[in-house]
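Q: How does the following fold in three dimensions:
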Amino acid sequence: MADAGLEAVPEERRILSIFGEAKRKGRWLVPRLLRVRAYFADVKVDLRDNPIPRDFTFDVGAFAASVTLIVPPGVNVIFDVFAAMASATSQADEPLSNDTRAPWIRVTGSVFMGEVKVVVKDPHQQLAVDRR
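A: Model prediction:
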């Protein structure tokens, strides 16, 4: 989903969660830079129902937290996350050339004693329900 038709894309937005949970899904205006900070928290950001701006960056800082970014199939992800005593994984393909036709995003940041992951899911596939 490219940014066709978007005229008022915000430059930056932020999500902060401390000892809590933050979720962003459904229709919302995705900025060019989304900064996520999570401390002893769980954050889920779902981009499947939204146009993704060109040069979108998801910048994450997590300490003892879980941060999940959900993208639709076909979105390439440049994944540069530093993990210390943590897990940093991406299911998405990374762009292999300068082909500008395929949408791509950048995920950057660091995680300590937690996890950062990029999950690829079809827009019509629902998230698994946590039954704890």
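
Q: When you work out contacts or count neighbours from here on, use the C-alpha atoms and nothing else.
A: Fine.

Q: Just the element for residue 60, please.
A: strand 57-63 (DSSP states H and E).

Q: Mind giving me the packing neighbours of the following helix or strand past that strand?
A: Using DSSP H and E, the helix or strand that follows strand 57-63 in sequence is strand 66-71. If contacts are counted by 3 or more C-alpha pairs under 8 Å, 6 or more residues apart in numbering; DSSP states H and E, strand 66-71 sits against strand 42-46, strand 115-120.

Q: Mind listing the strands strand 66-71 pairs with, and their directions?
A: Strand 66-71 sits in its sheet next to strand 42-46 (parallel), strand 115-120 (parallel), going by DSSP bridges.

Q: how big is the angle separating the strand holding residue 60 from strand 115-120?
A: 150 degrees (axes from the mean of the first three to the mean of the last three C-alpha atoms, to 10 degrees).

Q: Now do the strands in this protein.
A: With DSSP state E as the criterion, the chain has strands at 12-18, 21-24, 33-39, 42-46, 57-63, 66-71, 76-84, 87-90, 104-112, 115-120.

Q: Could I get the ones you listed in JSON lines, plus columns for mean neighbour count?
A: Output for the strands of the chain, formatted as JSON lines (neighbours: other C-alpha atoms under 10 Å):
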{"stretch": "strand 12-18", "mean neighbour count": "14"}
{"stretch": "strand 21-24", "mean neighbour count": "15"}
{"stretch": "strand 33-39", "mean neighbour count": "21"}
{"stretch": "strand 42-46", "mean neighbour count": "21"}
{"stretch": "strand 57-63", "mean neighbour count": "21"}
{"stretch": "strand 66-71", "mean neighbour count": "22"}
{"stretch": "strand 76-84", "mean neighbour count": "18"}
{"stretch": "strand 87-90", "mean neighbour count": "18"}
{"stretch": "strand 104-112", "mean neighbour count": "20"}
{"stretch": "strand 115-120", "mean neighbour count": "20"}
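
Q: Which one of the ones you listed lies nearest to residue 96?
A: Distance to residue 96, taken as C-alpha to C-alpha, is lowest for strand 76-84 among the strands of the chain, at 9.1 Å.
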